[in-house]
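Engineer: After the sequence you'll find the predicted model.
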Amino acid sequence: MTNTTNKAAISLTTGLEDAERVTVAFLVAVGAAESGRPTMMFLTKEAVRLVVPGVAVGTACDGCPPLPDLLERYRKAGGRYLVCPICIQSKHLDASSFIAGAEAGGTVQLWEWIGDGATTFSY
């Protein structure tokens with residue numbers, strides 16, 4: 001089933017300190033993107049580190065899909081990331097080195113992207 005009219009926005013504040021929460025957020029995002037929904041993950045706090053190459057590695061639990069596989073599926077499905085610029089600055093990260101599909105942007109850019117509406121999830 002392809003759905004290109006209903007956007008999905010997934011807000012993630014957690015990084016690898018809670019890999020299971022990250023996995024669930026990515027499963028929701030992958031499901032939305034693979035079903036044809038325009039999908040944006042809004043990353044804040046520790047989650048901003050997930051778009052630094054080589055950080056989102058490992059498997060959260062026995063039976064969980066590996067994080068690199070979820071990121072690759074999300075990328076292939078056209079999923080994008082909006083990464084909090086305040087968090088980037090406070091963690092001294094280089095946004096120019098982020099993985100494909102990730103760009104710095106805050107709440108104004110998120111609301112612009114949402115436009116007339118989106119289904120949202122927060123983790």
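Structural biologist: It's in.
Engineer: doesn't residue 54 fall inside a helix?
Structural biologist: No - applying DSSP: H, G, I helix; E, B strand; the rest coil, one finds residue 54 to be coil, outside a helix.
Engineer: now the helices for the chain?
Structural biologist: 19-34, 67-76, 85-90, 107-114 (DSSP state H).
Engineer: Of those, which is nearest residue 49?
Structural biologist: helix 85-90 (9.1 Å; Cβ to Cβ). Using the backbone N, CA and C atoms, a C-beta is placed for each residue, glycine as well.
Engineer: can you list contacts of the closest one?
Structural biologist: Helix 85-90 is contacted from outside by 43-45, 48, 95, 104-106, using Cβ atoms under 8 Å, 6 or more residues apart in numbering.
Engineer: Could you do stretch 65-78 as well?
Structural biologist: With Cβ under 8 Å, 6+ apart as the contact definition, stretch 65-78 has outside contacts at 19, 22-23, 26-27, 29-30, 33-34, 38-39, 41, 50, 56-60, 99-101.
Engineer: repeat that with 7 Å
Structural biologist: Here stretch 65-78 makes contact (Cβ atoms under 7 Å, 6 or more residues apart in numbering) with 22-23, 26-27, 29-30, 33-34, 56-59, 100-101.
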